[in-house]
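> What follows is a predicted protein model with its sequence.
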Amino acid sequence: MQIPINLPQPVILWTDALLFVLIITVITFTILAKQHPHLATPWRYVFRNRLGMGTAIFLSLYLLIALMDSIHFRPQLPKTDANIANNYSTEVLSLLDIIITPLRIQHEKTYSAPLSAYLYTKETIKTENGVAQRIYPRLIYGGAHLTNPEKELIPDILIKASYGLLSGFVLWLSISIVILYWLAIKHSLSLSQQVRQVLTDTTILPWRTIILITGFLILIIGITTTLAGYYHIFGTDKVGEDVLYQTIKSIRTGLIIGTLTTLIMLPAAIIFGLMAGYFRGIIDDIIQYLYTTLSSIPGVLLIAASILMLQVYMNQHADNFTSLVERADLRLVFLCLILGVTSWTGLCRLLRGETLKLRELDYIQASLALGSSHFAVLYQHVLPNVLHLVLIRVALDFSDLVLAEAVLSYVNIGVDPTTNSWGNMINGARLELAREPVVWWSLAASFSFMFILVLAANLFADVVRDAFDPRLR
């Protein structure tokens, strides 16, 4: 007897492909960097630095969530007739949607506060005696297991949080023992000697920092997963959707806007900036004219015009898009392209000025006198000495782009309204803050996740800058 297997239909969005191409590029660069000491040495400094490794763990968690949310597919519908071909749902889901299914499907009627068992607004409900009363109705899912929330809510939250904390602690302890045992075997030490080295932070890599930060994240995840099965941890929005679900789904949008836009503008900024400063003359004049012209165009107006043109195109070619997700994804890609085109001028101007100074130094002139080609001089001498400036500007641009998405969504020229993003959450929160009582949790949740991402990226970039700056080494 054959058991039918419902296989999903893969869906590859533009942003999915670009994100995985980026990951493959990073892996390829890592393999090549190991073969070149001048590239491997700075990265060893980064990952031996406590701050660098600590922030890398936070960034890795964000990246892992974004990758799981970039594996899209259409679920297969049950067959009603064996002779009929497979039918697939029109809904496009991701691997992350499957993992956090309870958060995705457990919708309430409207607003509810974090960890509450009641709606946030009163409703008129008739009692069994026919008397109309204005009360806060019970939630369908949040705290539904409680008989008397007034007395049971806080003790139940504490018990479940303690259970999640204990589960996370056991998992963290198990992982820590495995890591310590592996390190002891690798370095031919006893387990007690290896534990002593980790506790005194005398290992080559900052394993104490790695274990502590990993443990902190595991404990937070343990408490969150336990409570999320019974409550809405960050409450619900106007249509009753879980705010924690929206916030987690927004991570992918923030990373895509920050990384893809930065990578789009990097090649043009580096190539044009180095060429303008090194060759000078007519090449410098042309490049200056180009970035001065682009800088004079108001960025918001250019983005608004581009998004409106894209919207007209999608409306006229609606048959080319089989789902709302594909329409929203194309708008996200187009937004990254426009932001990349308008944001490379600042870095280009900075690299031009630095290259003008570097080309007059003695070692550059000596290299040219010995017969080195212009390309070799740019690659071997100029680029390494401006790379720290590139990294600083990339980190600042990444943070600015993540924050700019909120501003663009405020004026309705950001990502599609159907796309989960911190900008859309903040845009919706501006109306919620004006109501009475105030609905504050959507703003707080989106701001917290955005703040952690931007702070970790900036701190990690500082460590990378110190590692790649030849003058500091």
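Right, received. Where do you want to start? Residues are numbered from 1 along each chain as shown.

> Pull out the CA atoms of stretch 269-277 and give them to me as PDB.
Presented in PDB, the C-alpha positions along stretch 269-277 are these (Å, rounded to 0.1, in the frame of the first residue of the first chain):
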ATOM      1  CA  ALA A 269      31.300  53.500  -5.100                       C
ATOM      2  CA  ILE A 270      34.700  51.600  -4.800                       C
ATOM      3  CA  ILE A 271      35.500  51.500  -8.600                       C
ATOM      4  CA  PHE A 272      34.500  55.100  -9.300                       C
ATOM      5  CA  GLY A 273      36.000  56.500  -6.100                       C
ATOM      6  CA  LEU A 274      39.400  54.800  -6.700                       C
ATOM      7  CA  MET A 275      39.500  55.700 -10.400                       C
ATOM      8  CA  ALA A 276      38.600  59.400  -9.800                       C
ATOM      9  CA  GLY A 277      41.200  59.800  -7.100                       C
END
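
> in that stretch, what counts as buried?
Buried residues in stretch 269-277, counted by 16 or more other C-beta atoms under 10 Å: 269, 270, 272, 273, 274, 275, 276, 277. In this view, the C-beta of every residue, glycine as well, is placed from N, C-alpha and C.

> Tell me the gap between that stretch and the middle of its chain.
With C-alpha atoms, centre = their mean, to the nearest Å as the basis, stretch 269-277 stands 29 Å off its chain's centre.

> what does that stretch contact?
With C-beta atoms under 8 Å, 6 or more residues apart in numbering as the contact definition, stretch 269-277 has outside contacts at 283-284, 287-288, 290-291, 344-345, 347-356, 358-359, 378, 382-383, 386, 390.

> Next: stretch 26-33.
The set of residues external to stretch 26-33 that reach it, using C-beta under 8 Å, 6+ apart, is 39, 40, 43.

> Give me the ChimeraX select line for those, limited to the buried ones.
The buried subset of these, as determined by 16+ other C-beta under 10 Å, is captured in ChimeraX by this line:
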select :43
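
> and which of the contacts of stretch 26-33 is nearest to residue 370?
Distances from the contacts of stretch 26-33 to residue 370 were compared by C-beta to C-beta; the smallest belongs to residue 39, at 23.9 Å.

> From residue 56, how far off is the closest one?
Using C-beta to C-beta, to the nearest Å, one obtains 17 Å as the distance from residue 39 to residue 56.

> With residue 310 instead?
Distance, residue 310 to residue 56, using C-beta to C-beta: 36 Å.

> higher neighbour count, those two?
Counted by other C-beta atoms under 10 Å, residue 310 and residue 56 do not tie: residue 56 has more neighbours, with 21 against 18.

> pLDDT score assigned to the more buried one?
The predicted structure scores residue 56 at 92 on the pLDDT scale.

> Please name the nearest non-neighbouring residue to it.
Closest residue in space to residue 56, ignoring its immediate chain neighbours: residue 460 at 6.1 Å, by C-beta to C-beta, 6 or more residues apart in numbering.

> Determine the number of other residues adjacent to the one you found.
Residue 460 is surrounded by 22 other residues when neighbours are defined as other C-beta under 10 Å.

> Got phi/psi on it?
Residue 460 adopts backbone torsions of phi -60, psi -40, taken as degrees, to the nearest 10.

> Would you quantify the distance from it to residue 69?
As for residue 460, its distance to residue 69 is 22 Å (criterion: C-beta to C-beta).

> what does residue 305 give?
As it turns out, when the distance is counted by C-beta to C-beta, residue 305 lies 30 Å from residue 69.

> just residue 456 next, same as before
Taken as C-beta to C-beta, the span from residue 456 to residue 69 is 18 Å.

> The two: which has the busier surroundings?
Neighbours of residue 456 and residue 69, each counted by other C-beta under 10 Å, are more numerous for residue 69; the result is 25 against 19.

> for the more buried one, what are its contacts?
With C-beta under 8 Å, 6+ apart as the criterion, the residues that contact residue 69 are 94, 95, 96, 97, 249, 251, 252.
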